[in-house]
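Trainee: One predicted model, sequence on top.
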Amino acid sequence: MIDCHTHTHFSVDSEADINLMCHRAAELGLEAYAITDHCECNCWYSEEYYNGTVKATDFGYSKDFENSVAAVTRLKEEYGDRLNLICGTEMGQAMHDLSVAEKIISDPRLDFVIGSVHQIRGFEDFAFIDYKKYTTDELYDLLERYFGEVYELCRWGEFDILGHLTYTLRYISGACGIKVNISRFREMIAESFRALIYNGCGIEINTSGLRQAYGKTFPGIEHVKLYKDLGGELLSIGSDAHTVEDLGKGVAEGAEIAKAAGFSHICYFRNRKPVFIGI
């Protein structure tokens with residue numbers, strides 16, 4: 001199988017040694033393994049540069065990006081044919097600073113770019129919001145803003161795969177146990193998928209929710225099937241592992257979801273082009 005969404009010690013929220021991650025990927029016999037360390041476009045520069053205009057605790061992602069990409073480029077040569085290592089990045093909040101996003105996507109060393117939304121304008125990362133202080137209407141307003149920024153990102157479409165759609169539910173429903181019905185956003189999600197398809201981009205089945213309190217993938221099968229029904233063809237699978245132990249976790253279940261949604265192939269990316277493998 002493949003694992004096309006993972007993080008190493010070059011991501012601020014991971015301490016996983018990049019060498020051990022590669023060793024484990026080779027040990028698992030993954031057909032493709034992508035390292036996609038975090039790179040938040042809205043925090044690319046130092047904290048002083050933003051002068052309090054960005055709600056974040058970590059800044060200077062330009063250094064993290066360079067360190068990660070340089071290390072993966074070196075390891076690709078070191079491993080050679082022993083590991084199909086993909087040099088990727090998880091690019092957060094591209095629409096918050098397009099000039100930074102364009103720097104990232106133009107880097108010739110990259111095989112693969114995940115486009116993600118971890119926070120929306122005026123708010124901190126979804127991981128740090130206290131949702132229990134929100135009324136039901138405020139929660140749905142937050143979700144509408146999230147899906148609106150996802151749509152904005154998909155219309156831009158200069159990345160390869162949309163990362164963990166429904167990411168907010170990891171915290172709202174998983175960590176906080178608050179039930180929300182996102183069916184009201186179905187048309188917004190469908191419009192995002194149409195934009196992705198038009199721009200030649202895909203989605204991922206992010207399996208991290210299977211090992212977390214949420215208990216489901218991001219997105220779930222209903223949205224994977226919606227993407228397929230609208231004509232989507234590019235589907236990746238990633239564990240979103242931040243530890244060596246989680247590498248590859250859930251990818252087999254992700255493949256089963258892909259099949260149940262009507263897919264016969266999944267893909268990874270090489271030189272920003274999809275490579276398809278059967279499931």
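Mentor: Thanks, I have the structure now. Residues are numbered from 1 along each chain as shown.
Trainee: tell me what the helix of greatest length in the chain is packed against?
Mentor: For the chain, the helix with the greatest residue count under DSSP state H is helix 136-156. Judged by 3 or more CB pairs under 8 Å, 6 or more residues apart in numbering; DSSP states H and E, helix 136-156 is in contact with strand 161-162, helix 186-198. Every residue, glycine included, has its C-beta placed from N, CA and C.
Trainee: want to throw the ones you listed into CSV with mean pLDDT and distance to Gly80?
Mentor: Formatted as CSV, the helices and strands packed on helix 136-156 follow (pLDDT from 0 to 100; distance: least, CB to CB, whole Å):
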stretch, mean pLDDT, distance to Gly80
strand 161-162, 98, 26
helix 186-198, 98, 34
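Trainee: quick one: which of the ones you listed is nearest Ala26?
Mentor: Evaluated over the helices and strands packed on helix 136-156, closeness to Ala26 peaks at strand 161-162, with 22.9 Å, by CB to CB.
Trainee: Touching the closest one from outside, list them.
Mentor: Strand 161-162 has contacts (CB atoms under 8 Å, 6 or more residues apart in numbering) with 4, 112-116, 150, 153-154, 192, 196, 201-204, 234, 236, 269.
Trainee: Pairing partners for that strand, with directions?
Mentor: strand 112-116 (parallel), strand 202-206 (parallel) (DSSP bridges).
Trainee: distance of Gly254 from Gly174?
Mentor: As judged by CB to CB, to the nearest Å, Gly254 and Gly174 stand 17 Å apart.
Trainee: nope, Ile189 is what I meant
Mentor: 19 Å.
Trainee: Compare neighbour counts for these two and give me the winner.
Mentor: Ile189 (23 against 18; other CB atoms under 10 Å).
Trainee: hang on, that one packs against Val224?
Mentor: No. At 11.2 Å, Ile189 does not count as touching Val224 under the criterion of CB atoms under 8 Å.
Trainee: re earlier: so which of the helices and strands packed on helix 136-156 is the most packed in?
Mentor: strand 161-162 (a mean of 29; mean count of other CB atoms under 10 Å).
Trainee: next structured bit after it?
Mentor: helix 169 (DSSP states H and E).
Trainee: what does that next one rub up against?
Mentor: Val180, Ile182, Gly209, Tyr214, Phe218.
Trainee: Out of those residues, grab the one that's most surrounded.
Mentor: Phe218 (26 neighbours).
Trainee: How about the contacts made by that residue?
Mentor: His164, Leu165, Thr166, Tyr167, Leu169, Arg170, Ile205, Asn206, Ser208, Gly209.
Trainee: Swap in 7 Å and give it another go.
Mentor: His164, Leu165, Thr166, Tyr167, Arg170, Asn206, Ser208, Gly209 (CB atoms under 7 Å, 6 or more residues apart in numbering).
Trainee: next one: Ile182
Mentor: Leu143, Thr166.
Trainee: What are the phi and psi values at the spatially most central residue of the chain?
Mentor: Nearest residue to the geometric centre of the chain (CA atoms, centre = their mean): Gly163, 2.9 Å. Phi and psi for Gly163, reported as degrees, to the nearest 10, are phi -80, psi 140.
Trainee: again, but for Met91
Mentor: Dihedral angles (degrees, to the nearest 10) for Met91: phi -90, psi 110.
Trainee: likewise Leu235?
Mentor: Residue torsions, per degrees, to the nearest 10, at Leu235 are phi -130, psi 120.
Trainee: re earlier: show me what counts as buried in the longest helix of the chain.
Mentor: 139-140, 142-143, 145-151, 153-154, 156 (16 or more other CB atoms under 10 Å).
Trainee: Now tell me what touches it from outside.
Mentor: Under CB under 7 Å, 6+ apart, the answer for helix 136-156 is 94-95, 115, 117, 120, 131, 134, 162, 165, 168, 172, 178, 180, 182, 185, 188-189, 191-192, 195-196.
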